[in-house]
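A.B. asks: Provide a 3D model corresponding to the input given below.
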Amino acid sequence: MDVAFNKNEDAMKLTWAQVKHRLETIYEGGGKKSIEKQHERNKLTARERVSYLCDADKPFIEMGAFAGYDMYAEYGGCPAAGIVSGIGYVSGRQCIIVANDQTVKAGAWFPIAGKKNLRMQEIAMENKLPVIYLVDSAGVFLPLQDEIFPDKEHFGRVFRNNAKMSAMGITQIAAVMGACVAGGAYLPIMSDETLMVEGNGSIYLAGPYLVKAAIGEDVDGETLGGAETHNAISGIADYKFETEKDCLDYIKKTISKLGAPENAGFDRIESIAPAKKKEDIYGIMSEGNTKPYNMLDIIECITDANSFDEFKEEYGKTIICGYGRVDGWAVGIVANQRLIVKNKKGEMQLGGVIYNDSADKAARFIMNCNQKKIPLVFLQDVTGFMVGSKSEHSGIIKDGAKLVNAVANSVVPKITIIVGNSYGAGNYAMCGKAYDPRFIYAWPTAKIAVMGGDQAAKTLLQIQVASLKAKGKEITAEDEKKLLDEITQRYFDQTTPYYAAARLWVDAIIDPAETRTLISEGINAANHNKDIAEFKMGVVQV
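C.D. replies: Prediction:
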């Protein structure tokens, strides 16, 4: 390995170490004291429940660990949005798992918690995966009720999705291990089966205090809505268990009996290790992503050895397209090329920029993959579409629209990995969150913004200075520098993968070396849904 590779490797590993350090704090939930209180009540934490439930020899892919990161500071924060969720294997079957974390504000639902739960239900519906809810929640976080209660993408949508998933034949199992209050009480009852843990599990529309206030009745929580009440009297629950582990064991037994789903038939053969070691992926990108690199090197770390066949290799060189295999799965890869390359006319083209020819090539390739029912993998490191009179006269908007149309109408599963820049319309064209990727992940080096930080900061500075001058204020060079520094810092803070993951623009920030595994698991999940719509492009300019 050369010096540059080692330097790049050290920088990437350091960046990933910073992610892991933040995750360690997030994994503590509401803190050690809250965890101790949970144990004193003979309750496992959300993470302990998930760990016990999932098969130890299979991966658990956590989604949304950074949800709520650096948000809600005035309320003490909301680590992981008060929910532990992801895709894990239970009795050998891929399942969606959603577990309320009672150590975080008693498991109350913040706005980001609602968004996270809805994202997990969306993944379940797209891939027809069984859902397991481990319920332990005080309900809506009242100080923010207006941001989570009434709208289409708010709390009530969860129960609408319960009903829709049931109609789709998607198994839903709810284990009530703690409080399940008010509107949240509908979730377990709208699931296929409801399990309750004695002593701790409770379901009621209004707790004892509210009942007293509303109708003057004195009643304790267990009598009002405990496991005995709902199993023996109301008939709402289906099973009760003495301990949480007994309850989780029964879930494992239930999942083991599910009938095998009809799969989509995505092609898979025996897996072959990549030509490069997965750790080699750390040394490809420079620190800060300031230097060109060859995206084919990343592709070689992800795909099975000698499986990648490039499409239109000599044309549209700033986007690489090709067929390959990832862990045996057939895939179509669309990736931004960061090298500065020459087009067919001998003109130099900037790496990471989408030109007319590369947009045209990528659109055609995406149509081919839909024709062949091959899942798509997007590797993003894009600064946007080429600008200037030459590109405009050549119809860059038309060619860009064709690519966006192909991505938007694609019916095969799409998995997006943001490895570096994800700017402007390039984010859309390369299947950003708005274009319904089945899964979307970010490397620690990802940057998501409407444009690059330096250009954006200078543009914002010009607007702000002009506004101040219009109000009669004098702006010195020193004032301009101070403003620029403030704007730049604020803008760069908003482009980090942490900012994106906190708002669920991406499902997770991932270890680059695990990219191959996550793609494989994503296609495995997608293969559970046999229903693939007919591919139609609609109206495009050619």
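
A.B. asks: Alpha carbons of the helix or strand bottoming out on mean pLDDT in the chain, in PDB - could you do that?
C.D. replies: Every helix and strand of the chain was ranked by mean pLDDT, DSSP states H and E. The lowest is helix 453-470, at a mean of 76. Extracted as PDB, the C-alpha positions of helix 453-470 are listed here (Å, rounded to 0.1, in the frame of the first residue of the first chain):
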ATOM      1  CA  GLY A 453     -20.700  24.800   1.300                       C
ATOM      2  CA  ASP A 454     -18.300  27.400   0.000                       C
ATOM      3  CA  GLN A 455     -20.500  28.400  -2.900                       C
ATOM      4  CA  ALA A 456     -23.600  28.500  -0.700                       C
ATOM      5  CA  ALA A 457     -22.000  30.500   2.000                       C
ATOM      6  CA  LYS A 458     -20.800  33.100  -0.500                       C
ATOM      7  CA  THR A 459     -24.200  33.300  -2.100                       C
ATOM      8  CA  LEU A 460     -25.900  33.700   1.300                       C
ATOM      9  CA  LEU A 461     -23.300  36.300   2.300                       C
ATOM     10  CA  GLN A 462     -24.100  38.400  -0.900                       C
ATOM     11  CA  ILE A 463     -27.800  38.300  -0.100                       C
ATOM     12  CA  GLN A 464     -27.300  39.200   3.600                       C
ATOM     13  CA  VAL A 465     -24.900  42.000   2.900                       C
ATOM     14  CA  ALA A 466     -27.200  43.500   0.200                       C
ATOM     15  CA  SER A 467     -30.100  43.400   2.600                       C
ATOM     16  CA  LEU A 468     -28.100  45.200   5.400                       C
ATOM     17  CA  LYS A 469     -26.800  47.800   2.900                       C
ATOM     18  CA  ALA A 470     -30.400  48.400   1.700                       C
END
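
A.B. asks: where's that helix relative to the chain centroid, distance-wise?
C.D. replies: 33 Å (C-alpha atoms, centre = their mean, to the nearest Å).

A.B. asks: Next secondary structure element downstream of it?
C.D. replies: With elements assigned by DSSP states H and E, the helix or strand that comes after helix 453-470 is helix 477-495.

A.B. asks: Run through the neighbouring helices and strands of that next one.
C.D. replies: With contacts taken as 3 or more C-beta pairs under 8 Å, 6 or more residues apart in numbering; DSSP states H and E, helix 477-495 sits against strand 447-449, helix 453-470. C-beta coordinates here come from the backbone N, C-alpha and C atoms, glycine included.

A.B. asks: winner for burial among these?
C.D. replies: The highest mean neighbour count among these, using mean count of other C-beta atoms under 10 Å, belongs to strand 447-449: a mean of 22.

A.B. asks: neighbouring strands for that one, and are they parallel or not?
C.D. replies: Sheet pairing here is set by DSSP bridges, and for strand 447-449 it gives strand 414-423 (parallel).

A.B. asks: List of residues touching the helix or strand where A163 lies?
C.D. replies: Using DSSP H and E, A163 falls within helix 156-167. By C-beta atoms under 8 Å, 6 or more residues apart in numbering, the surrounding residues in contact with helix 156-167 are 114, 117-118, 121, 124-125, 131, 149-150, 172, 183, 186-187, 190-192.

A.B. asks: quick check: mean pLDDT across it?
C.D. replies: Mean per-residue pLDDT for helix 156-167: 95.

A.B. asks: now for the helix or strand just after that helix, which elements pack on it?
C.D. replies: Going down the chain from helix 156-167, the next helix or strand is strand 172-181, by DSSP H and E. If you count contacts as 3+ C-beta pairs under 8 Å, 6+ apart, strand 172-181 packs onto strand 131-137, helix 156-167, helix 186-189, strand 193-197, strand 202-204, helix 244-256.

A.B. asks: So which of those is the most surrounded?
C.D. replies: Using mean count of other C-beta under 10 Å, the stretch among the helices and strands packed on strand 172-181 with the greatest mean number of neighbours is strand 131-137 (a mean of 27).

A.B. asks: what's the spacing between the helix ranked longest in the chain and its chain's center?
C.D. replies: Taking DSSP state H as the criterion, the chain has its longest helix at helix 3-27. The chain centre lies 20 Å from the centre of helix 3-27; the measure is C-alpha atoms, centre = their mean.

A.B. asks: And the strands in the stretch 251-400 of the chain?
C.D. replies: 309-311, 319-326, 329-336, 341-342, 348-349, 353-354, 376-382, 384-385 (DSSP state E, counting those that start in this stretch).

A.B. asks: could you dump those to TSV with mean neighbour count?
C.D. replies: Output for these, formatted as TSV (neighbours: other C-beta atoms under 10 Å):
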stretch	mean neighbour count
strand 309-311	14
strand 319-326	24
strand 329-336	25
strand 341-342	14
strand 348-349	14
strand 353-354	25
strand 376-382	27
strand 384-385	22
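
A.B. asks: The ones you listed: which one's closest to P143?
C.D. replies: With C-beta to C-beta, the closest approach to P143 among the strands of the stretch 251-400 of the chain belongs to strand 376-382: 36.9 Å.

A.B. asks: For that closest one, give the mean pLDDT please.
C.D. replies: 98.

A.B. asks: neighbouring strands for it, and are they parallel or not?
C.D. replies: In its sheet, and by DSSP bridges, strand 376-382 pairs with strand 329-336 (parallel), strand 414-423 (parallel).

A.B. asks: tell me the angle of the last one relative to strand 319-326?
C.D. replies: Just to be clear, that refers to strand 414-423. With axes from the mean of the first three to the mean of the last three C-alpha atoms, to 10 degrees defining the directions, strand 414-423 sits at 150 degrees from strand 319-326.

A.B. asks: could you dump strand 414-423 to PDB, C-alpha only?
C.D. replies: The C-alpha trace of strand 414-423 is given here as PDB (Å, rounded to 0.1, in the frame of the first residue of the first chain):
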ATOM      1  CA  LYS A 414     -33.300   0.700  -5.300                       C
ATOM      2  CA  ILE A 415     -30.600   0.900  -2.600                       C
ATOM      3  CA  THR A 416     -28.700   4.200  -2.200                       C
ATOM      4  CA  ILE A 417     -25.300   4.600  -0.600                       C
ATOM      5  CA  ILE A 418     -24.100   8.200  -0.200                       C
ATOM      6  CA  VAL A 419     -20.400   7.900   0.000                       C
ATOM      7  CA  GLY A 420     -19.500  11.600  -0.500                       C
ATOM      8  CA  ASN A 421     -21.200  14.600  -1.900                       C
ATOM      9  CA  SER A 422     -24.900  14.700  -2.500                       C
ATOM     10  CA  TYR A 423     -25.700  18.100  -3.900                       C
END
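
A.B. asks: Which two among the contacts of helix 156-167 are spaced furthest apart?
C.D. replies: Top of the distance list for the contacts of helix 156-167 (C-beta to C-beta): P150 and D192, 27.4 Å.

A.B. asks: just to revisit the earlier point, is it possible to get a markdown table of the helices and strands packed on helix 477-495 that adds distance to A138?
C.D. replies: As requested, these are exported to a markdown table (distance: least, C-beta to C-beta, whole Å):
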| stretch | distance to A138 |
| --- | --- |
| strand 447-449 | 33 |
| helix 453-470 | 40 |
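
A.B. asks: So for V84, which of the ones you listed sits nearest?
C.D. replies: So among those, strand 447-449 is nearest, using C-beta to C-beta, at 24.4 Å.

A.B. asks: which residues touch that closest one?
C.D. replies: So strand 447-449 is contacted by 289, 418, 420-424, 427, 432, 442, 453, 456, 491, 494-497, 499-500, 505-506 (C-beta under 8 Å, 6+ apart).

A.B. asks: my read: G207 touches V219, true?
C.D. replies: No. Judged on C-beta atoms under 8 Å, G207 makes no contact with V219 at a distance of 9.6 Å.

A.B. asks: neighbour count winner among those two?
C.D. replies: Higher neighbour count among G207 and V219: G207, with 18 against 14, using other C-beta atoms under 10 Å.

A.B. asks: what about T445, neighbour count?
C.D. replies: Neighbours around T445, by other C-beta under 10 Å: 22.

A.B. asks: and it, what is it in contact with?
C.D. replies: Counting by C-beta under 8 Å, 6+ apart, T445 makes contact with 12, 15, 285, 289, 419-420, 497.
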